[in-house]
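Trainee: Below: sequence and its predicted model.
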Amino acid sequence: MKILKQLLITSFLLGSSSVFTQNYTLDKNHSRLAFTATHFAISHIEGDFRNFDATLKTSKEDFTDAVIYMTADAKSINTNVEMRDKDLRSQNWFDTEKFPKIEFKSTTFKKIDNKNYKLEGDITIRGVTKSIVFDVTYNGKALNPMSKKSSVGFAINGKLNRKDFRVGTEAFDGVVGKEIELHSNVEFIID
């Protein structure tokens, strides 16, 4: 009976330590969700989404079991040209009245080497969900001297075909490139 009791206690202690999950919240003041599109195949137009949020959960120091969720307000698209931004919100592009949210849910976070990862997941734009892979660089961990909280930073880069998500009509194919580059720098605060 004593051996059984010790086994149960050991199993409980091992089990509880392995399920500890660290939660991270987005530091919105030090993060950016950005994109680049070509214009007439001769220049690059940059933009971002002003309103977005993300969470990261992991139970491992190296993040290899990380679960990442991101949501962006499609209406917050910004290219610093109000006329263009209004058009991007229209039915021709993001149709933000009908599809107000862009979402990403990770499926895997694979470590490639000391600082580099492959982030795989599903992204939903205009109600269409597709798999996507991002290259991620872990920039490290730092203690904020003001808040006394630790933060971790990542650079995230990827590409998608806007036509896969029905963004833009055929009339715009010669004007705006189909391949959209996604690039973000994010900081997460450890809760």
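Mentor: Yes, it's here.
Trainee: Per-residue pLDDT of the residue nearest the centre of the chain, please?
Mentor: Nearest to the mean C-alpha position of the chain, counting by CA atoms, centre = their mean, stands residue 70 at 5.0 Å. If you check residue 70, the pLDDT there is 98.
Trainee: Can you give me every residue that contacts it?
Mentor: Contacts for residue 70 (CB atoms under 8 Å, 6 or more residues apart in numbering) come out as 33, 52-54, 103-104. Where C-beta positions appear, they are placed from N, C-alpha and C, glycine not excepted.
Trainee: before we move on, which element is it in?
Mentor: strand 67-73 (DSSP states H and E).
Trainee: After that strand, which helix or strand is next? Please name it.
Mentor: strand 77-78.
Trainee: Which strands or helices does whichever helix or strand comes after that next one pack on?
Mentor: Using DSSP H and E, the helix or strand that follows strand 77-78 in sequence is helix 82-89. Packed against helix 82-89 by the contact rule (3 or more CB pairs under 8 Å, 6 or more residues apart in numbering; DSSP states H and E) you find strand 77-78.
Trainee: burial measure for residue 63, as a count.
Mentor: Residues lying near residue 63 (other CB atoms under 10 Å) number 21.
Trainee: residues contacting it?
Mentor: 56, 109, 111, 117, 138.
Trainee: And the pLDDT for it?
Mentor: Reading off the model, residue 63 has pLDDT 95.
Trainee: If anything else comes up later, I'll come back, but that's it for now.
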